[in-house]
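Asks: let's see this in three dimensions:
(chains A and B, ligands or ions: 2)
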Amino acid sequence: MKIGVCIKRVPDTETRIKIGADGKSIDESGVKFVLNPFDEYAVEEALKLKEQAGGEVVVVCLGTEASQETIRTALAMGADSGVLLKASAVPLDPLVVARALAAELEQGAFDMILFGKLAIDDYGQAVGTMVAELLGLPSVSAITRLEVTDNTATAQREVEGALEVVEFSLPAVVTAEKGLNEPRYPALRGIMLAKKKPLEIKEVDLDQGGMEVVELTLPPERKAGRIVGEGPDAVPALVDALRNEAKVV
Amino acid sequence: MPHILAVLEQRGGVAKKVSQETLAAARSLADDLECEVHGLLIGPPNMKGDGLGEYGADKVLTSLDGELELYQASRYGQVAAEQATAGEYAAIVVAATSLGKDLGPRIAARLGCTLASDVTGISGSDGIAVSRPAFSGKAIYRIKITTRPCVISIRPNAFSPILTSHPGTIEEVSAGNGGKASDARTVAVKAPEHATMDVAEASIVVSGGRGLREAEHFKLVEELAQALGGAVGASRAVVDAGWRPHAEQVGQTGKTVSPNLYIALGISGAIQHLAGMRTAKVIVAVNKDADAPIFKVADYGIVGDVFEVVPRLTEEIKKAKDG
Ligand SMILES: Cc1cc2nc3c(=O)[nH]c(=O)nc-3n(C[C@H](O)[C@H](O)[C@H](O)COP(=O)(O)OP(=O)(O)OC[C@H]3O[C@@H](n4cnc5c(N)ncnc54)[C@H](O)[C@@H]3O)c2cc1C
Ligand SMILES: Nc1ncnc2c1ncn2[C@@H]1O[C@H](COP(=O)(O)O)[C@@H](O)[C@H]1O
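Replies: Ligands and ions are numbered 1, 2, ... in the order given. Prediction:
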């Protein structure tokens, strides 16, 4: 089975966001970058599929030169090879990203292509499903369970107040939600091996698409609230505030 | 004159409340652009599109088929994209629910246009511009959308329904051709183990964290949620411990919620948790540690033991509601 996984380099979740000098992007100085947490679930699931059915796992990342490090992380987890679609910047328009990834994936004859549900920087939750549509492949997004038998598969996804069970045939695209699995940590041996695995770099030229960033701002600080009191005796004052001041109860 | 297409959601043939919010967002955009709002409701044959005019739809288009009762991704994508192409639309608005987050990208890819996800503000007074949170809600983009059409998904609870005196008209439209044999098919919708209200949709959310100490103690959280008519949420720590299902997790790797009232019980307020709830209108925290970070974002706080404070709070809420 040939398995593709799309991964993105994103700021670590603990990062304090500072706005850059242009007022339209983040100040990247001092920011630690990591493999997008949802993409870790995708890589893990790909490795499990390979363990089950044999084959190879190829990771694809669209990003700047620095994304090589992110690809090495996935290779250290156990992926076999990587492709960096090297661009000067990653555009915000998800369709531009999806088209670039689809163009690369189309040539790969993949049986299964996995994505994270969401990139925690742009918060788009769009690219995986767009790629599936562009390639004309069946797809299920935000899955928490996957079972593949030969050429058919069943996935589960959590929706508001219910679980959807979806059946499809391969080749197909899925996007991974937390709960799908527990991603493995790269072992020392994996990190050593990763250094020797093939990583191909291809230059891509992208346009901005349909989005023009006007500004990036920090959210309004929540006004400092107040401590109503200590212990259960403070409860009546709280209920009073919720009813008469905030008017939410 | 291009109009706005609002793709609505139904369950069991009845439009969901979030559809009123989708219409409100579409209406405000249409008012700026001086055009009409067309609602598109995809569902089973017994579904009626009535009552939606009042919430801002000039016209409701119904696409009816027995196979469309459940969300069938490919078929819904086909119907919505066909409709978006058949009319001339400046924007297609969907809700950023689990359905809309799947459907929005399908429509955009089929139309070959951009998609702005999880939008919390929208304006059409100088071209179409949106505000949308990014970096786990730690920053907000303001974006001008330069291509037409475009797809916009709106965050639940970010737009309040509006009421108009407009009845609106209803028109039945195509239900598509049934799709390809290779399409993915939703074969079942199962109730989760706890059949409760969903955190992402609820207007009141009561969440519990590790401060509850064990799974059984979540009864306290459930009772308060019930007294308030709200949903139960959880921190990742308790989901990872297996006390609560992942569907209830609030935060960066869980759900993003914007309820009117969010109550955090025994939750420290880690940055990844705040990512999921900082846009709640009113935040209440109960924590025994006066220095817990959650108090920095809470509008009202009680420093105290959840095991003492919560039962009392439930009791007082019940009293207040009865009185
Ligand atoms: C990539 C990544 C993603 C993450 N995503 C999420 C996410 O989506 N959602 C999320 O919630 N977390 C997420 N986390 C985890 C997050 O960092 C915290 O570990 C988690 O939120 C802590 O949960 P908690 O507040 O319940 O527990 P703790 O941090 O242990 O806090 C427990 C609190 O309860 C209080 N307490 C204890 N006993 C009592 C008592 N009797 N009465 C009152 N108060 C009491 C304590 O003072 C403390 O403040 C993520 C982390 C990472 C690295
Ligand atoms: N630049 C990128 N390179 C590779 N994969 C990406 C990129 N951007 C997004 N993806 C994939 O698409 C998923 C959803 O991203 P998004 O739609 O941006 O939230 C991510 O979890 C990745 O799997």
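Asks: which SS class is the most centrally placed residue in chain B?
Replies: Among the residues of chain B, the one closest to the centroid is residue B:156, at 2.9 Å (C-alpha atoms, centre = their mean). Of the three states, residue B:156 takes coil under DSSP: H, G, I helix; E, B strand; the rest coil.
Asks: tell me the pLDDT of it.
Replies: We note a pLDDT of 91 for residue B:156 in this prediction.
Asks: just residue B:193 next, same as before
Replies: Looking at residue B:193, its pLDDT is 61.
Asks: residues contacting the residue in chain A positioned nearest to ligand 2?
Replies: At 2.4 Å from ligand 2, residue A:116 is the closest residue in chain A, using C-beta to the nearest ligand atom. No exception for glycine: its C-beta is placed from N, CA and C like everyone else's. By C-beta atoms under 8 Å, 6 or more residues apart in numbering or on different chains, residue A:116 lies in contact with A:6-8, A:36-42, A:128, A:175-176.
Asks: follow-up on the earlier one: how near is the residue nearest to the centre of chain B to ligand 2?
Replies: Noted for residue B:156: a distance of 18 Å to ligand 2, by C-beta to the nearest ligand atom, to the nearest Å.
Asks: over to that residue: give its phi and psi.
Replies: Torsion angles at residue B:156 (phi, psi; degrees, to the nearest 10) stand at phi -60, psi 140.
Asks: relative to residue B:182, how far out is it?
Replies: 32 Å (C-beta to C-beta, to the nearest Å).
Asks: could you list which of the contacts of residue A:116 also contact ligand 1?
Replies: With C-beta under 6 Å from any ligand atom as the criterion, the contacts of residue A:116 include residue A:37 near ligand 1.
Asks: which of the contacts of residue A:116 fall in helices?
Replies: Among these, the members falling in helices are A:37, A:38, A:39, A:40, A:41, A:42, A:128 (criterion: DSSP state H).
Asks: for residue A:167, state which of those residues is nearest.
Replies: residue A:128 (18.6 Å; C-beta to C-beta).
Asks: is the residue lying closest to the closest one once chain neighbours are set aside part of a helix or strand, or is it coil?
Replies: The shortest distance from residue A:128 to any non-neighbouring residue, by C-beta to C-beta, 6 or more residues apart in numbering or on different chains, is to residue A:115 (3.1 Å). When classified by three-state DSSP, residue A:115 comes out as strand.
Asks: wait, isn't residue A:115 in contact with residue A:180?
Replies: No - in this structure residue A:115 lies outside contact range of residue A:180 using C-beta atoms under 8 Å: 11.8 Å.
Asks: which of the two has more neighbours?
Replies: Higher neighbour count among residue A:115 and residue A:180: residue A:115, with 31 against 25, using other C-beta atoms under 10 Å in any protein chain shown.
Asks: look up how far chain B lies from that one.
Replies: Distance from residue A:115 to chain B, counting by C-beta to the nearest C-beta, to the nearest Å: 11 Å.
Asks: do residue A:94 as well
Replies: Taken as C-beta to the nearest C-beta, the span from residue A:94 to chain B is 6 Å.
Asks: what's the helix or strand for residue B:269?
Replies: No secondary structure element spans residue B:269, as it lies outside all helices and strands (assigned by DSSP states H and E).
Asks: in a helix, residue A:219, correct?
Replies: No - counting by three-state DSSP, residue A:219 is not part of a helix but coil.
Asks: so how far is residue A:127 from the residue of chain A closest to ligand 2?
Replies: Going from residue A:116 to residue A:127 by C-beta to C-beta gives 9 Å.
Asks: ok, how many other residues are close to the residue in the stretch 51-200 of chain B that ligand 1 sits nearest to?
Replies: The nearest approach of the stretch 51-200 of chain B to ligand 1 comes at residue B:136, 8.7 Å away (C-beta to the nearest ligand atom). By other C-beta under 10 Å, the residues close to residue B:136 number 23.
Asks: what of residue B:191?
Replies: For residue B:191, the neighbour count with other C-beta under 10 Å is 10.
Asks: tell me if I'm right that it and residue A:164 touch.
Replies: No - counting by C-beta under 8 Å, residue B:191 does not reach residue A:164; the two are 11.5 Å apart.
Asks: next one: phi and psi at residue B:245?
Replies: Residue torsions, per degrees, to the nearest 10, at residue B:245 are phi -70, psi 150.
Asks: wait, it touches residue B:233, no?
Replies: No - counting by C-beta under 8 Å, residue B:245 stays clear of residue B:233, with 11.1 Å between them.
Asks: give me the distance between residue A:215 and residue B:140.
Replies: 9 Å.
Asks: neighbour count: these two, which is higher?
Replies: A count of neighbours by other C-beta under 10 Å puts residue B:140 above the other of residue A:215 and residue B:140, at 20 against 13.
Asks: isn't the more buried one right up against residue B:133?
Replies: Yes - with contact defined as C-beta under 8 Å, residue B:140 counts as touching residue B:133 (5.4 Å).
Asks: overlap in contacts of these two?
Replies: Both residue B:140 and residue B:133 are in contact with A:219, B:120, where contact means C-beta under 8 Å, 6+ apart.
Asks: spatially nearest residue to residue 243 (excluding sequence neighbours)?
Replies: Unless you meant another one, I'm taking chain A. residue A:249 (5.1 Å).
Asks: that answer is for a different chain, and I need it for chain B
Replies: Closest residue to residue B:243 apart from its sequence neighbours, by C-beta to C-beta, 6+ apart: residue B:215 at 3.7 Å.
Asks: quick check, nearest of the ones in helices among the contacts of residue A:116 to residue B:15?
Replies: Nearest to residue B:15 out of the ones in helices among the contacts of residue A:116 is residue A:128 (C-beta to C-beta; 28.3 Å).
Asks: just the pLDDT for the closest one.
Replies: pLDDT recorded at residue A:128 is 98.
Asks: hang on, it packs against residue A:175?
Replies: Yes - counting by C-beta under 8 Å, residue A:128 does reach residue A:175; the two are 3.9 Å apart.
Asks: common neighbours of those two, please.
Replies: By C-beta under 8 Å, 6+ apart, residue A:128 and residue A:175 have these common neighbours: A:115, A:116, A:117, A:139, A:141.
Asks: who's in contact with residue B:165?
Replies: Residues near residue B:165 by C-beta under 8 Å, 6+ apart: residue B:54.
Asks: measure it to residue B:56 for me?
Replies: As defined by C-beta to C-beta, residue B:165 lies at a distance of 11 Å from residue B:56.
Asks: also residue B:26?
Replies: Using C-beta to C-beta, we find residue B:26 at a distance of 7 Å from residue B:56.
Asks: any shared contact partners between these two?
Replies: Common neighbours of residue B:26 and residue B:56, counting by C-beta under 8 Å, 6+ apart, are residue B:37.
Asks: would you say residue B:220 is within a strand?
Replies: No - per three-state DSSP, residue B:220 lies outside any strand segment and is helix.
Asks: what count of nearby residues applies to it?
Replies: Number of residues near residue B:220 (other C-beta under 10 Å) recorded here: 21.
Asks: so where's the chain uncertain?
Replies: Picking chain A for this. Within chain A, no stretch has pLDDT under 70.
Asks: um, chain B though
Replies: In chain B (pLDDT under 70), the answer is B:192-196.
Asks: domain assignment for it?
Replies: Following automatic domain parsing, one finds the domains of chain B at B:4-173, B:204-322.
Asks: residues in a beta bridge with the nearest residue in space to residue A:200 that is not next to it in sequence, which ones?
Replies: Sequence neighbours aside, residue A:83 is the residue nearest to residue A:200 in space, at 5.0 Å (criterion: C-beta to C-beta, 6+ apart). Judged by DSSP bridges, the bridge partners of residue A:83 are residue A:60, residue A:200.
Asks: residues in contact with residue A:83?
Replies: Contacts of residue A:83 by C-beta under 8 Å, 6+ apart are A:58, A:59, A:60, A:61, A:104, A:199, A:200, A:201, A:202.
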